[in-house]
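# This is the structure alone, sequence omitted:
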């Protein structure tokens with residue numbers, strides 16, 4: 001199951017016009033990369049929950065069913081991570097399932113995660129890595145999760161626990177459903193209740209995992225910068241029909257989606273331009289994002305233009 005219903009509040013104003021699951025990364029919708037991860041290990045069916053800008057998600061998913069068979073679970077009222085799983089229980093069935101946050105971009109062999117889960121047979125396996133900004137899961141020396149979100153604060157100072165970041169990738173046994181009430185609910189609260197009840201939650205730590213969590217405009221730019229600067233073909237990615245007029249320039253890295261136009265004398269640097277976006281003559285776009293179909297008539301630095 002891929003979670004794709006969220007409002008993306010920290011990514012506004014971009015998320016006002018497109019849900020984060022559909023943010024183009026290297027000119028492909030973010031969710032398509034997560035579907036690829038599932039397909040690579042032979043998974044043939046996946047659930048996707050929708051709420052915010054659901055019609056956009058549904059339309060895009062309709063064109064992705066050649067990757068994997070997709071079942072949509074629309075939420076009239078947003079249900080949170082736990083409520084979304086409960087709502088899709090009829091699809092998830094009675095076997096372990098993978099749950100992925102659609103707002104992440106990563107390169108991981110999910111078979112490794114499944115193998116870890118089957119080897120230790122916990123109630124849940126969570127993929128963790130060190131990222132100081134997001135470190136909030138405590139695990140002991142044997143690799144078992146002990147707490148979330150500061151629950152370890154009252155432990156002795158010599159407690160040999162590590163605190164790492166949860167990547168948004170879970171493998172879950174169906175027993176979880178008994179810990180999720182009806183209605184909106186945070187899955188972390190379910191995990192906290194499971195630990196208190198004696199259930200085991202396994203931490204699979206992948207230290208060097210390529211992983212980005214897209215919460216803000218800067219996160220969105222960072223994933224592009226990190227990927228494009230290492231791109232063998234060069235740091236400028238151009239989609240079909242991109243037109244760079246005489247005197248226009250691209251500095252640093254840039255991701256230019258289908259139909260983008262840079263008019264004469266314009267300049268783009270370390271920025272992402274969605275489909276059909278246009279930089280007017282002489283305009284400079286730096287460290288910014290232009291949304292789909294937008295015409296930038298004035299310079300933009302460190303910003304977002306959605307209309």
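Yep, it's here. All figures in this text were calculated on a predicted structure; none of them were measured in a lab. Numbering: from 1, shown residues only.
# can you give me the helices for the stretch 151-300 of the chain?
187-196, 217-228 (DSSP state H, counting those that start in this stretch).
# what packs against the longest one?
To tie it back to what came earlier, the one meant is helix 217-228. Packing partners of helix 217-228 (3 or more Cβ pairs under 8 Å, 6 or more residues apart in numbering; DSSP states H and E): strand 24-25, strand 211-213, strand 249-256, strand 267-273, strand 289-290. Heads up, the C-betas are built off the backbone N, CA and C, glycines and all.
# Distance to residue 149 and mean neighbour count for those strands - can I get that in a markdown table?
Output for the helices and strands packed on helix 217-228, formatted as a markdown table (distance: least, Cβ to Cβ, whole Å; neighbours: other Cβ atoms under 10 Å):
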| stretch | distance to residue 149 | mean neighbour count |
| --- | --- | --- |
| strand 24-25 | 28 | 20 |
| strand 211-213 | 16 | 20 |
| strand 249-256 | 34 | 20 |
| strand 267-273 | 32 | 25 |
| strand 289-290 | 30 | 26 |
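# May I see the helices of the stretch 151-300 of the chain organised as CSV, with mean neighbour count and distance to residue 296 added?
Shown next, in CSV, are these (neighbours: other Cβ atoms under 10 Å; distance: least, Cβ to Cβ, whole Å):
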stretch, mean neighbour count, distance to residue 296
helix 187-196, 18, 40
helix 217-228, 19, 15
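# Pass me the low-pLDDT residue ranges in the stretch 51-200 of the chain, would you?
151-159 (pLDDT under 70).
# All the strands of it, residue numbers only.
69-74, 97-101, 104-106, 124-129, 135-139, 145-148, 162-172 (DSSP state E, counting those that start in this stretch).
# follow-up on the earlier one: okay if I get the helices of the stretch 151-300 of the chain as TSV plus distance to residue 108?
Output for the helices of the stretch 151-300 of the chain, formatted as TSV (distance: least, Cβ to Cβ, whole Å):
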stretch	distance to residue 108
helix 187-196	19
helix 217-228	15
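# For residue 25, find the nearest of the ones you listed.
Smallest distance to residue 25 across the helices of the stretch 151-300 of the chain (Cβ to Cβ): 6.2 Å, for helix 217-228.
# which outside residues touch the closest one?
11, 14, 23, 25-26, 105, 212-214, 235-237, 253-255, 270-272, 287, 289, 304 (Cβ atoms under 8 Å, 6 or more residues apart in numbering).
# nearest to residue 300, of the strands of the stretch 51-200 of the chain?
Using Cβ to Cβ, the strands of the stretch 51-200 of the chain put strand 104-106 closest to residue 300, at 24.0 Å.
# quick revisit: would you turn the helices and strands packed on helix 217-228 into a markdown table with mean pLDDT?
Output for those, formatted as a markdown table (pLDDT from 0 to 100):
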| stretch | mean pLDDT |
| --- | --- |
| strand 24-25 | 98 |
| strand 211-213 | 97 |
| strand 249-256 | 98 |
| strand 267-273 | 98 |
| strand 289-290 | 98 |
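# And the ones you listed: which comes nearest residue 201?
strand 211-213 (19.5 Å).
# Give the other helices and strands that the closest one contacts.
So strand 211-213, by 3+ Cβ pairs under 8 Å, 6+ apart, packs with strand 104-106, strand 162-172, helix 217-228.
# cutoff 6 Å now
strand 104-106 (3 or more Cβ pairs under 6 Å, 6 or more residues apart in numbering; DSSP states H and E).
# The strand it packs on pairs with which strands, parallel or anti?
Strand 104-106 pairs in its sheet with strand 211-213 (antiparallel), by DSSP bridges.
# Serialize the strands of the stretch 51-200 of the chain to TSV and add fields for mean neighbour count.
Converted to TSV, the strands of the stretch 51-200 of the chain look like this (neighbours: other Cβ atoms under 10 Å):
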stretch	mean neighbour count
strand 69-74	15
strand 97-101	22
strand 104-106	21
strand 124-129	25
strand 135-139	20
strand 145-148	20
strand 162-172	22
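# I'd like the ones you listed laid out as JSON lines, including distance to residue 60.
Shown next, in JSON lines, are the strands of the stretch 51-200 of the chain (distance: least, Cβ to Cβ, whole Å):
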{"stretch": "strand 69-74", "distance to residue 60": "10"}
{"stretch": "strand 97-101", "distance to residue 60": "17"}
{"stretch": "strand 104-106", "distance to residue 60": "16"}
{"stretch": "strand 124-129", "distance to residue 60": "26"}
{"stretch": "strand 135-139", "distance to residue 60": "31"}
{"stretch": "strand 145-148", "distance to residue 60": "32"}
{"stretch": "strand 162-172", "distance to residue 60": "20"}
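# Stretch 55-63: which residues count as buried?
Burial within stretch 55-63, assessed by neighbour count using 16 or more other Cβ atoms under 10 Å, is assigned to 56, 57, 60, 61.
# For the residues you listed, give me JSON lines that also has distance to residue 265.
Shown next, in JSON lines, are those (distance: Cβ to Cβ, whole Å):
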{"residue": "56", "distance to residue 265": "34"}
{"residue": "57", "distance to residue 265": "38"}
{"residue": "60", "distance to residue 265": "35"}
{"residue": "61", "distance to residue 265": "40"}
